[in-house]
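S.K.: Make a model of this:
(3 chains)
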Amino acid sequence: MSARQFTHIGTRPVRHDGADKVTGRANFGADFALPGMLHGAVLRSPHGHARILSIDTSTAAALPGVKAIVTGRDFPKTDSKVWLGGEGALDLGDMGDNLMARDKVLYDGHAVAAVAATSLAVAREALTHITVVYETLEPAMSLARALADDAPILHTDLKTSGQPAPESGGPTNVAARMELSRGDVEQALADADVVVEGEFQTPMVHQGYIEPHACVARHGTDGRVVVWCPTQGPFLVRDACAGILGIDAATIRVIPSEIGGGFGGKIPVYLEPVAIVLSQKSGRPVKIVMDRDEVFRATGPTSGSRVVMQLGAMRDGRLVAAKASMWYEAGAYPGSPSGAAAMCALACYTIPNFFIESFDVVVNKPKVAAYRAPGSPMSTFATESLVDEVARRLERDPIDLRLQNAVSEGDQAPYGPKYGPIGLKAILDAVREHPHWTAPLGTHQGRGVACGFWFNAGMNSSATVALDTDGSATVVTGNPDIGGTRVAQAMMVSEELGIPVERVRPVVADTDTAGYTDLTAGSRTCYATGMAIINAAQDVKEQLRLRAAKVWDVEPDQVAWEDGHVRSLVEGDERPPLTLNELAATLAKTGGPVVGSASVNARMAGPAFAANICDIDVDLETGRSTVVRYTAIQDAGKAVHPSFVEGQMQGGAAQGIGWALNEAYLYDDDGRLQNPGFLDYRMPVASDLPMIDTVIVEVANPSHPYGVRGVGEVPIVPPLAAVANAVRGATGVRFTELPMSPPRVLAGIESLESA
Amino acid sequence: MATLFLPRAIASLVDGIDQVEIDAPRVVELLQELVRRYPAVEDRLGEMAVAVDGDIYHDADYVPLQPNSDVHLVPRIAGGSPEETGA
Amino acid sequence: MSRIHVETTINGEPAEFLCSGEDTLLTALRDTLSLTGTKEGCSTGDCGACSVLLDGRLVPGCLVLAAEVEGRTVTTVEGIADRDSLHPVQQAFLNQAALQCGICTPGFMVAAKALLDANPDPTEQEARYWLAGNLCRCTGYDKIIRAVLDAAADMRKATA
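M.R.: Below is the predicted model:
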């Protein structure tokens, strides 16, 4: 791609929704209210695994102020699926069962009933008057227990899907198995000069968005439904509610509020169908807001994992063989990111012989949701820890070793196709040139480096660009703005039309207003929706060209855009070129307003790579690890708004550091979550972290007119191993189980000393 | 002739054949011809996405093929995938 | 149920409301007075999204009873900007792109204002510890800390 000169792309304007968000004017999920609105509350299972024998709601229903109660019986059983991008599917039967249990509760926090009442206090009191009789069952609280021969079975009808289907007949908790292989891994391992191996475990962790799930639903007497909620996908909420409740999606309008973080966790529906049914039963709008305890117990964590891996290398540093088995917790229903985990594990390196199998395993914990590059951080933790060990065994510089084996354009990805232009080698060069890489370390400090890969999604997006007679423009899409996408979208219109960015109004529209658009997820908004916007803006330009022909009364092919102006190509035509503002002012005379529109179903392209450098200081007395310096390097293809790209890199790094050092779901043997709050689920705070330096590498993505790649997900992939490799450097101990909390690190140091 | 590469999991169903030359204008015709030759793979195609010359498509049916196109069947990433629930 | 009548000052204006004995200041602000700029992230005092100033002191609104603000002054995020211009820390957050989703931002505005009122020239470490009660999951805090230090410098320049 020729290096295009940009006017607006790559600059750092203030976001359009910024003032609303620093002054408290912006409306998030829980900020919305309707007259006559009822308040809902959800009763949740205290058991990890139990059969529901009976639910008696009569006493609660008699309480003054209680207007409606629902249980699992109020939700039709469905086997329908929501198809996303024509490829994957969300199982709405499972999603419906997850948001209100029918026969069994499958985890602590599983909803069993909900009440709508005239106040939240009454609704909560009513919950205490609902009697649920349970027959408790043994919960499967670990991969080991779920995979045991005598394991408690969550779903008696579960069959293992996959390729190839294993020979299993009896009941199982293994929902899927996937296999990837190439070459002859056994021979290559036997021939390798060095073989390193390890068993790596990571706990279930939560996305940790600060805004709890919330919604208001109104079921009208005309059968029409309106839902206000914070979501990553308004169209998905619409289609999921329709499928779960068995109503026509055409009668549902979903109006997205501002969204207080998602990271993948605000894709599934938890509350919306419940609120709709409560509203239908009561005839009043119903608002439900989760508290933090409910968010932890019943929404979107990502999988706990176990990865067993062997990595073989030759003395000259070539990585020649990798063999891995990986098990991912799906939570209560099938659907962990185990497949993606397998595909990502070796994606950074040219390893000619490999065998990977991955298993999707149901356990009595909440159904996992996507979390930033789903599946990749855990399998990459194993790979990058072992690559570090190979470097140590061969006494090689870890960057040199990675560069020697790094994939580049034309190499075959482990999942099949050949890579196009990708930035991994440029990233590794940037790591080596960064002053951080050669800065001296203090005592008890260690430095770690790690790489990471993520696919980046494409999928469906629509956009319209409307030009006003004053030369300003509105751009409308259906992607909620989680991290500055409005301003990025406005910048693309500015780039195409030459309008100052503050004169472009970016609008996040509801499902009745925007053309169909897939999720704000998969690092796809700037990439795929961005392409729709660019095309829509070009549509405006083309229409303006025809309008200019009308003004000048010449043939359309005698008019062209040049240097931001429309020019007559008629020989000898001395009339000065027309500016966009001049053309906008003539719209009424030349045929009325101009609205450009475009839709895409973008291919999945432009893989993202990143590398992180982490310096850690370990207190040998307490085992406490402190990150003292951190640098994130990533290929963004083309950074539309570099500040927000840096923000994604820094935020992903911080989440990964939390995952590596502190965060974990802690369950007791009965399956009760022990730490459903921010005090005990310890996410990084400002005093835990240093500044996070960033380097944006730009290797243009040929699938996008500006070269943009998705940037939101890969930042969380390298940190787990970068931190672990740093702790290895500081302590001499190779930690293979997360989190590397002070007690675990202390125990590791002591076992090394006593060895 | 486009070259269609089959992953091990599919190749194992067709006597280990991992590469097939097929003359087809688009992906949809290519896959129809694959199934005609190897009916055993049909049930498995639902699990696979399609990559044409390096790019993975979500809805590949009408993607045109060049005479020298490389086509890969790629495991569809089930559950928490970029297609389904990528964050 | 008997209700408590509370007279107080919110963002410089006299205000009154009715509440129950259990209502928190956060509930009164959001649900009774429709001041929804103050956010609820946990209701246990762990996230800082509901940070407000009570007689100038930084507190989580979820851990203060509504009835406790009788006769006192409350400052929320809605009261930080002047009529004509944003507070320097608000402007610095915009310039630095120090917010992504924006749900924690109101709490940071209030906490940062309290910091700069108390300490016009904080070090990076002082800013990090002062703001350690405010969780942000999007930014990794880098741009937030930079914005707060920028705002401090701007304010010192303005008063110099």
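
S.K.: what's A:A536 in contact with, if anything?
M.R.: The neighbours of A:A536, taking Cβ atoms under 8 Å, 6 or more residues apart in numbering or on different chains as the test, are A:463-465, A:475, A:596-598. Backbone N, C-alpha and C define where each C-beta goes, glycine included.

S.K.: is stretch B:14-33 up against chain A anywhere?
M.R.: No - interface with chain A: stretch B:14-33 contributes nothing (Cβ under 8 Å from any Cβ of the partner chain), its closest point being 9.8 Å away.

S.K.: for that stretch, which positions count as buried?
M.R.: Across stretch B:14-33, burial judged by 16 or more other Cβ atoms under 10 Å in any protein chain shown covers B:14, B:20, B:22, B:24, B:26-27, B:29-31.

S.K.: What is the longest helix seen in chain C packed up against?
M.R.: Ranked by residue count, the top helix of chain C under DSSP state H comes out as helix C:142-159. If you count contacts as 3 or more Cβ pairs under 8 Å, 6 or more residues apart in numbering or on different chains; DSSP states H and E, helix C:142-159 packs onto helix A:642-661, helix C:88-96, helix C:105-118, helix C:124-130.

S.K.: tell me which of the contacts of A:A536 is nearest to chain B?
M.R.: Nearest to chain B among the contacts of A:A536 is A:A598, at 17.2 Å by Cβ to the nearest Cβ.

S.K.: where does the residue nearest to that closest one when sequence neighbours are not counted land on pLDDT?
M.R.: Counting by Cβ to Cβ, 6 or more residues apart in numbering or on different chains, A:N535 is the residue found nearest to A:A598 once chain neighbours are left out, at 3.4 Å. pLDDT recorded at A:N535 is 97.

S.K.: Could you say which helix or strand holds A:N535?
M.R.: A:N535 belongs to helix A:530-552 when assigned by DSSP states H and E.

S.K.: buried set for that helix?
M.R.: A:530-541, A:543-545, A:547-549, A:551-552.

S.K.: Pull the contacting residues for B:V63.
M.R.: B:26-27, B:50, B:52, B:57.

S.K.: Strands - which of these land there?
M.R.: Using DSSP state E, the members of these that fall within strands are B:50, B:52, B:57.

S.K.: For ChimeraX, write the selection for the buried entries among these.
M.R.: Buried residues among those (16+ other Cβ under 10 Å), as a ChimeraX selection:
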select /B:50,52,57
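
S.K.: For the ones in strands among the contacts of B:V63, give me CSV that also has pLDDT.
M.R.: Listed next are these as CSV, based on pLDDT from 0 to 100:
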residue, pLDDT
B:V50, 90
B:V52, 92
B:Y57, 83
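
S.K.: Which of the ones in strands among the contacts of B:V63 sits closest to chain C?
M.R.: B:Y57 (30.6 Å).

S.K.: Hmm, that closest one is touching B:A51, no?
M.R.: Yes - between B:Y57 and B:A51 there is a contact under Cβ atoms under 8 Å: 7.3 Å.

S.K.: Do any residues in the longest strand that chain A contains lie close to chain B?
M.R.: For chain A, the strand with the greatest residue count under DSSP E is strand A:319-331. Yes - using Cβ under 8 Å from any Cβ, strand A:319-331 reaches chain B at A:A330.

S.K.: what's the average pLDDT for that strand?
M.R.: 98.

S.K.: Just the CA trace of it, in PDB.
M.R.: C-alpha atoms of strand A:319-331 as PDB (Å, rounded to 0.1, in the frame of the first residue of the first chain):
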ATOM      1  CA  LEU A 319      11.700 -24.100  17.600                       C
ATOM      2  CA  VAL A 320      10.900 -27.400  16.000                       C
ATOM      3  CA  ALA A 321       8.100 -29.000  17.900                       C
ATOM      4  CA  ALA A 322       5.200 -28.200  20.200                       C
ATOM      5  CA  LYS A 323       2.800 -30.500  21.800                       C
ATOM      6  CA  ALA A 324      -0.100 -29.300  24.000                       C
ATOM      7  CA  SER A 325      -3.300 -30.400  25.600                       C
ATOM      8  CA  MET A 326      -5.500 -27.700  27.100                       C
ATOM      9  CA  TRP A 327      -8.700 -27.700  29.100                       C
ATOM     10  CA  TYR A 328     -10.800 -24.600  29.500                       C
ATOM     11  CA  GLU A 329     -13.700 -24.100  32.000                       C
ATOM     12  CA  ALA A 330     -16.900 -23.200  30.100                       C
ATOM     13  CA  GLY A 331     -18.800 -22.500  33.300                       C
END
